[in-house]
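> next comes the sequence, and after it the predicted model I'd like to discuss.
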Amino acid sequence: MANIHINIGSNRNRRENLSKAIYAIKVMFENTVFSKVYESRAFGFKGDNFYNVGINATTNLIIAEVVNILHDIEENLGRDREASKFSSRSIDLDLTLYDSVIDQNYNLPRDDILKYNFVLMPLAELNPNLVHPQQHQTYTQLRATMSGLKSYNIDILNTE
Ligand SMILES: Nc1ncnc2c1ncn2[C@@H]1O[C@H](COP(=O)(O)OP(=O)(O)OP(=O)(O)O)[C@@H](O)[C@H]1O
Ligand SMILES: Nc1nc2c(c(=O)[nH]1)N=C(CO)CN2
């Protein structure tokens with residue numbers, strides 16, 4: 001069984017898209033635990049604010065299978081593959097950790113963890129004492145180096 005962490009982001013129909021993505025992730029993976037909802041300005045372009053959520057889960061699937069599932073969920077939720085990285089998006093699902101695996105092909109651990117507070121904050125909320133495989137610091141220690149973010153307890157599965 002591998003422990004995985006996924007970051008979800010959306011700045012279009014945020015509640016509906018997050019709710020649908022969370023439902024799909026609950027179906028596909030085991031022992032899913034969700035962070036609060038973190039709100040932040042769109043990074044890299046002018047657009048509506050994002051909601052980001054972190055998810056811990058366990059799985060017997062290999063990395064490629066996990067990434068394929070996330071890709072399929074994105075497709076089902078109408079993710080526009082042609083749009084540039086820095087543009088509004090219905091949904092973005094990134095595998096950020098797969099145990100302590102370091103794998104450049106899958107960008108694991110995802111470099112976004114160290115770049116963006118909207119990735120690190122939910123990860124640190126769920127895994128305060130876990131150690132980053134390359135930085136050898138806990139996510140709580142890493143979080144201390146970044147500015148905080150507003151977070152909400154939104155019952156996302158029951159709000160459309
Ligand atoms: N760790 C990973 N998490 C999610 N997708 C990955 C990962 N590694 C490879 N991929 C594959 O690469 C494709 C592009 O994903 P990636 O998240 O790297 O780019 P992007 O979605 O355009 O950028 P961003 O997620 O930063 O907006 C995905 O559709 C997926 O098939
Ligand atoms: N706040 C925020 N900004 C972003 C995000 C995101 O998830 N949150 N994702 C992006 C492309 O993946 C670009 N900009």
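Okay, I see it. Ligands and ions are numbered 1, 2, ... in the order given.
> identify the residues contacting the helix-or-strand element of the chain with minimal mean pLDDT?
Counting by mean pLDDT, DSSP states H and E, the weakest-scoring helix or strand in the chain turns out to be strand 150-152, with a mean of 86. Residues from elsewhere that reach strand 150-152 (Cβ atoms under 8 Å, 6 or more residues apart in numbering): 35-40, 121-122, 125. (C-beta placed from N, C-alpha, C; glycine too.)
> please apply the same query to stretch 102-113.
Here stretch 102-113 has contacts from 7, 63-64, 67, 94-98, 101, 119-120, 123, 132-134, 142, using Cβ under 8 Å, 6+ apart.
> which of the residues in it are buried?
Buried residues in stretch 102-113, counted by 16 or more other Cβ atoms under 10 Å: 108-110, 112-113.
> what segments of the chain are strands?
Taking DSSP state E as the criterion, the chain carries its strands at 2-10, 30-34, 37-40, 50-59, 92-98, 150-152.
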